[in-house]
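[1] Have a look; sequence and predicted model below, questions after that.
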Amino acid sequence: MPHIFLAEDDKAIAKNLTLLLRSEGYSVTHAVTQKEALAALGEGRFDLALIDISLPDGNGFPVCTAVKEAQNIPVIFLTASGDEVSVVTGLNMGADDYITKPFRPRELIARIGAALRKSGRAPAAFEIGALHIDTASGLVKKRGKEVFLSVLEYRLLLVFLSNQGAVVTRGKLLDELWDVGGDFVNDNTLTVYVKRLREKIEDDPANPQIILTVRGLGYKLGS
């Protein structure tokens, strides 16, 4: 699952963007200020950065430079309408694209997809036992037969895929699934969704080999 780095100080925009990106199968790390953004870059690996040109403690240009130097991933600037000078400056500094606020969600998703494909970081296909997951098409197959998952079940599977080898806490799962598909997910319903997903992808749901329970901690993706 591609990991998006978002530097945006407007809480409402950041919340809506995070929900949108997660519903499209991306994981998101959000920073509010220039200082937070620069610090976060050293704490994770990302596939693309969305950077607001105007941040409360400066602008997004140093963040763009740091991103390119540290990870050399695509950068898309979020900019206010009519700020042509900032757009030109950002592009000259190495940004790959820009989009003007307010923007249409589908246009942003299309631009993110184009930037990822161009950089060779587009979603890939995964094989886990008898399971085949193609995140580009959203298809999940088990021994060649399509498995039909709900939005939340598919999103849950994507979260596990993006955290291969690591324990995923129930708290992280709840954060990632929050309001995806318009359904409220709490700790009790999370258990239900994990159970439903296992029933669809495991050979023996009572003895899971793909989604493993790590007692007292959460879950882990098997091999």
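    Received, thanks.

[2] now the strands for the protein?
    Applying DSSP state E to the chain gives strands spanning 3-7, 27-31, 48-52, 54-55, 58-59, 75-80, 97-101, 125-128, 131-134, 139-142, 145-146, 167-169, 211-214, 218-221.

[3] May I see those arranged in CSV, with mean neighbour count as well?
    C-beta here means a position set from N, CA and C on the backbone, and glycine is covered the same way. Shown next, in CSV, are the strands of the chain (neighbours: other CB atoms under 10 Å):
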stretch, mean neighbour count
strand 3-7, 23
strand 27-31, 20
strand 48-52, 26
strand 54-55, 19
strand 58-59, 15
strand 75-80, 22
strand 97-101, 17
strand 125-128, 14
strand 131-134, 18
strand 139-142, 16
strand 145-146, 8
strand 167-169, 16
strand 211-214, 14
strand 218-221, 19
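
[4] will you turn those into a markdown table that also has mean pLDDT?
    Conversion of the strands of the chain to a markdown table gives the following (pLDDT from 0 to 100):
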| stretch | mean pLDDT |
| --- | --- |
| strand 3-7 | 92 |
| strand 27-31 | 90 |
| strand 48-52 | 93 |
| strand 54-55 | 87 |
| strand 58-59 | 83 |
| strand 75-80 | 88 |
| strand 97-101 | 87 |
| strand 125-128 | 81 |
| strand 131-134 | 88 |
| strand 139-142 | 91 |
| strand 145-146 | 93 |
| strand 167-169 | 86 |
| strand 211-214 | 93 |
| strand 218-221 | 90 |
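
[5] between the ones you listed, which gets nearest to Arg155?
    strand 27-31 (10.5 Å; CB to CB).

[6] what's the angle from the closest one to strand 3-7?
    Going by axes from the mean of the first three to the mean of the last three CA atoms, to 10 degrees, strand 27-31 is angled at 20 degrees with respect to strand 3-7.

[7] Which parts of this structure are helices?
    According to DSSP state H, the chain carries its helices in the segments 11-23, 34-40, 61-70, 84-92, 105-119, 151-161, 170-177, 187-201.

[8] So for Arg196, what's the nearest residue that isn't a sequence neighbour?
    Nearest residue to Arg196, sequence neighbours excluded (CB to CB, 6 or more residues apart in numbering): Glu153, at 6.0 Å.

[9] Tell me how the chain divides into domains.
    The chain resolves into domains spanning 3-119, 125-221 when parsed by automatic domain parsing.

[10] which of those sits most buried?
    Of those, the one with the most neighbours on average (mean count of other CB atoms under 10 Å) is domain 3-119, at a mean of 18.

[11] Distance from the chain centre to that domain, please.
    When distances are taken as CA atoms, centre = their mean, to the nearest Å, domain 3-119 is centred 13 Å away from the chain's centroid.

[12] again, but for stretch 137-157
    17 Å.

[13] Can you tell me what sits against it?
    22-23, 25, 130-134, 173, 176-177, 180-181, 183, 185, 193-194, 196-197, 200-201 (CB atoms under 8 Å, 6 or more residues apart in numbering).

[14] can we see that at 7 Å?
    For stretch 137-157, contacts defined as CB atoms under 7 Å, 6 or more residues apart in numbering pick out 130-133, 177, 180-181, 183, 185, 193-194, 196-197, 200-201.
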